[in-house]
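Trainee: need a 3D model of the sequence below.
(chains A and B)
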Amino acid sequence: MSTAKPTSNDRDRLVNPNFITEVIDADLQSGRVGHVVTRFPPEPNGYMHLGHAFACTLNFQIAADYGGRCHLRMDDTNPEAESMEFAEGLQNDARWLGFDWGEHLYFASDEFERYYEFARELIRRGLAYVDSVTHEEMGRLRGTATTPGTPSAYRDRGVEENLDLFARMRAGEFPEGAHVLRAKIDLTSANMKLRDPVLYRIMYAEHYRSGNDWCIYPMYDFQHPIQDALEGVTHSLCSLEYVDNRAIYDWLMEQLFPEARPHQYEFGRRSLEYTIVSKRKLRKLVEGGVVAGWDDPRMPTIAAQRRRGVTPEAIRRFASQIGVTRTNRAVDLALYEHAVRDDLNLRAPRVMAVLRPLRVVLTNVEEGAEQTLSLPYWPHDVVRESGDGLVALPSGERVTPGAAVRDVVLTRELYIERDDFAVEPPKGFKRLTPGGTVRLRGAGVVRCDDVTTGEDGEVTELRCTLLGEDAPARGVIHWVSASRALPAEFRLYDRLFTVPDPEADADDVEPQDGEASAASVGHVDTGFMRFLNPHALVVTRGFVEPSVASHPLDTRYQFERAGYFWRDPVDGRGDTLVFDRIVTLKDTWAKEGGRPAGRERRAEPGTRAAAPVSAGPDLTPEQRAEVERFRSQDVSEAEATVLAREPQLSAFLEAAANVGELGRLASWVVNDLGGPIREGANRVTPEGLAALVKLIEDETITARIAKDVLAEAQTSGETPAGIVERRGLRQVSDTATLEAEIDRVMAENPDKVEAYRGGRSGLLGFFAGQVMKATGGQANPRVVQDLLRAKLG
RNA sequence: UGGGGCAUCGUCUAACGGCAGGACAGCGGUCUUUGGAACCGUCAAUCGUGGUUCGAAUCCACGUGCCCCAGCCA
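Mentor: Presented below is the predicted three-dimensional model:
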């Protein structure tokens, strides 16, 4: 965690290597940066949810991996949405997740004065101007995706006038909307973000921190890059929707912080199935009273998951397991639940609770008789896997397994789970049935002799005989003593929505009559509400064994066979016992048809397009003639088409063909030089290419060597043939040399040889690759493969 | 249909021209006084079509699909 070196030790890094760590590695290697500084920059306009937790974890853990630091920053530049409640909530949540930013807590609102000065600087340099058109007019002037924008009448105001107007904006001389400050970048850019983005707007709103000090507020695109630079951030990580904004980021950096500037990198967001992470929609749930608050345990917020009993370790584990890529992804809920269970399995002592009680009378146990059983808190496997041979008491004290027990009293009257008894058991039912037997956990086997049924047909009581330890029984069920157990409320949580992607599914469904108006109140589409799971919270009243009364209030339990629970921090820590179910146990019986607990999945996994056979691009008659001309010179159709469409490439090829044979050069131009030529970065001359291809034809070198040489030539600017000469590159076709190499590779990988002979013919590539590597790519691959086939048999 | 981004088992992810690997989920089994956990086995993928190459998930071309951008939100 605190390696002094600014490099990451591969063995114990928190974040798996990814495209961002590759950039950091390269930056450190090249010396562009000497240390790593990241930042997690939420806007305090809502509570942190699991999607943010992913971003937060990524920033803090990458910094930790490189011995750098990560700042926490509030991007609080929009007073209308933000509040102290949210700012404090965000800090609480980040801290609870286990992250430490030391003294590096920043608020954009603390820097308004500095931002203001940077804005004046831009104005003075003619890079920003005060625009005074209406909101609507600005929209019109911005143009559309396919048409360029046009300058407003104010775009060329003088510096002095701009400075004066900007100062008066700040002084409160104008109403909201009268003026804005805009960057003067490029109104014709294909990137809409660059069409003179607004830098400052007038807002007469009280800011939760700066109060009424300001009536102009900076926009994200202006504030964020500057703040990164002021903090000394080296790698500014954000999500994919900001890719277009990077152009502004870079523009500002070039203007204001040309040296030692931060760079922005974007990663794909992570959402979770069966929930939503849109802050506005979550707010809708809270404000609409659909849930009890931001910390309602059904919510995907960190506050809610914390209240529900999930640990920060589980969330961090989840965050690091879902990986970092450049694709937005919706993660399977099962992945999250697994992380939660995996964490709880080793930290939750086992006790018994009955959630939906059914009275059982043990007819052969005397009235008032009590037998005290000593039952272990931990199952055999947790005990066995304990590193030090000790296990924890709920108090946290570590004791020998024999001492990690609690008293459980067996009495004449008990409660069992209603689900654990069935008059007509489904196939495979391993619990109690009329006349059947079952083991009561830790107490022996019972037989059901009699079933009492109420007027409505509901089973009200079972009369059973306690048979003792050795009687046969197929299953084990949990129970509590009716006279000794404590009454408790159980809150059983399930997924918030009934479909994996409520937002997308809401768009799929045509609004029914009269729903359209109800479904789009207050600018937020509320169509997703129709998929709310009515069973996301089920409350039951039952009983829990009395030992829990003596445990620390924040003990997380596994109620055996029922799930992981703890006492609700808000409603369940007083005299009444209220337990939240953190997560269920995996239940392989439930989906067996015993219960219809099959999880509804989306019907179709998004069928991809039927993919018609591509007919190739449309060509003009001239291009068609070109294709024919190239075809006649032994160029393949695909390559001829590329050449016909791209004059730059065909010109290069024609030039090379003056020295070599066009038909043999075409594929090199198209496949290997096409990229650099198009980008104007090509450093290989037509003559250079022709000379190189000659070397292949006279078998001096292989195509493989040629590709490597070309790549080197692009960076060094040397002639390809010069590189071949200087490095003494020659293809190796000598059988004896190659055989020796092959023998060595085979001797080193006897298992692979065997596997190949056993039928894994794909391994031929492995052997060929090994030989190629060993010869620095100079072996003649055809010869190598022939020899390999012969030797491997 | 202007610009940008992305596409690998059901889901998440790895492989950086040379064995398509792992995790979750599923299925089967072992074990079990939790229908839990653990262990073993198994199913299962390179968006499509061409091209380059001895060899392509990876390079080239053409398609297809999804996502983002026209707030004085972030």
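
Trainee: spit out the contact partners of residue A:707.
Mentor: residue A:672 (Cβ atoms under 8 Å, 6 or more residues apart in numbering). (Each C-beta comes from the backbone N, C-alpha and C, glycine too.)

Trainee: over to the residue in the stretch 251-400 of chain A that RNA strand B sits nearest to. Which of the three states is it?
Mentor: Nearest residue of the stretch 251-400 of chain A to RNA strand B (Cβ to the nearest atom of the strand) works out as residue A:323 at 2.8 Å. At residue A:323 the chain is in coil, as set by DSSP: H, G, I helix; E, B strand; the rest coil.

Trainee: now it. Nearest residue, chain neighbours left out?
Mentor: Take residue A:323 and drop its neighbours on the chain: the residue closest to it by Cβ to Cβ, 6 or more residues apart in numbering is residue A:16, 6.6 Å away.

Trainee: does that neighbour really touch residue A:322, like I thought?
Mentor: No: Residue A:16 is not in contact with residue A:322 according to Cβ atoms under 8 Å; the separation is 10.2 Å.

Trainee: who's more crowded, the two?
Mentor: Using other Cβ atoms under 10 Å, the more surrounded residue of residue A:16 and residue A:322 is residue A:322, with 19 against 10.

Trainee: isn't that one right up against residue A:270?
Mentor: Yes: contact criterion Cβ under 8 Å: residue A:322 and residue A:270 qualify, at 5.4 Å.

Trainee: which residues are common contacts for those two?
Mentor: With Cβ under 8 Å, 6+ apart, residue A:322 and residue A:270 have common neighbours A:54, A:329, A:331.

Trainee: ok so, going back, give the contact list for the residue nearest to residue A:323.
Mentor: Residue A:16 touches A:320, A:323-324, counting by Cβ under 8 Å, 6+ apart.

Trainee: top of those residues by neighbour count?
Mentor: Busiest of the contacts of residue A:16 [other Cβ under 10 Å] is residue A:324, holding 21 neighbours.

Trainee: where exactly do the strands run in the stretch 201-350 of chain A?
Mentor: For the stretch 201-350 of chain A, the strands defined by DSSP state E, counting those that start in this stretch occupy A:216-218, A:235-239, A:263-267, A:270-272, A:329-331, A:350-351.

Trainee: each with direction, which strands does the shortest one pair with?
Mentor: Strand A:350-351 sits in its sheet next to strand A:556-559 (parallel), going by DSSP bridges.

Trainee: for residue A:142, see how far away the residue nearest to residue A:323 is.
Mentor: Between residue A:16 and residue A:142 the computed distance is 42 Å (Cβ to Cβ, to the nearest Å).

Trainee: got it, and residue A:732?
Mentor: Distance of residue A:732 to residue A:142, given as Cβ to Cβ: 62 Å.

Trainee: what of residue A:12?
Mentor: For residue A:12, the distance to residue A:142 - Cβ to Cβ - is 50 Å.

Trainee: which of these two has more neighbours?
Mentor: residue A:142 (17 against 9).

Trainee: wait, the more buried one sits on residue A:195?
Mentor: Yes: with contact defined as Cβ under 8 Å, residue A:142 reaches residue A:195; the gap is 5.2 Å.

Trainee: shared neighbours of these two, which are they?
Mentor: With Cβ under 8 Å, 6+ apart as the test, residue A:142 and residue A:195 both reach A:149, A:187.

Trainee: out of the contacts of residue A:16, which is nearest to residue A:469?
Mentor: Set against residue A:469, the nearest of the contacts of residue A:16 by Cβ to Cβ is residue A:320 (45.8 Å).

Trainee: close enough to count as contact, the closest one and residue A:15?
Mentor: Yes: with contact defined as Cβ under 8 Å, residue A:320 reaches residue A:15; the gap is 6.2 Å.

Trainee: spit out the contact partners of the residue lying closest to residue A:739 once chain neighbours are set aside.
Mentor: Closest residue in space to residue A:739, ignoring its immediate chain neighbours: residue A:787 at 6.0 Å, by Cβ to Cβ, 6+ apart. With contacts defined as Cβ under 8 Å, 6+ apart, residue A:787 is in contact with A:735, A:738-739, A:742.

Trainee: next, the nearest residue to residue A:274 once chain neighbours are set aside: secondary structure please.
Mentor: Distances taken as Cβ to Cβ, 6+ apart put residue A:495 closest to residue A:274, at 3.8 Å, once the chain neighbours are dropped. The local conformation at residue A:495, judged by three-state DSSP, is coil.

Trainee: which pLDDT value goes with residue A:495?
Mentor: Residue A:495 is assigned a predicted lDDT (pLDDT) of 96.

Trainee: thought residue A:333 was touching it, still the case?
Mentor: Yes: in terms of Cβ under 8 Å, residue A:495 counts as a neighbour of residue A:333; the distance is 6.5 Å.
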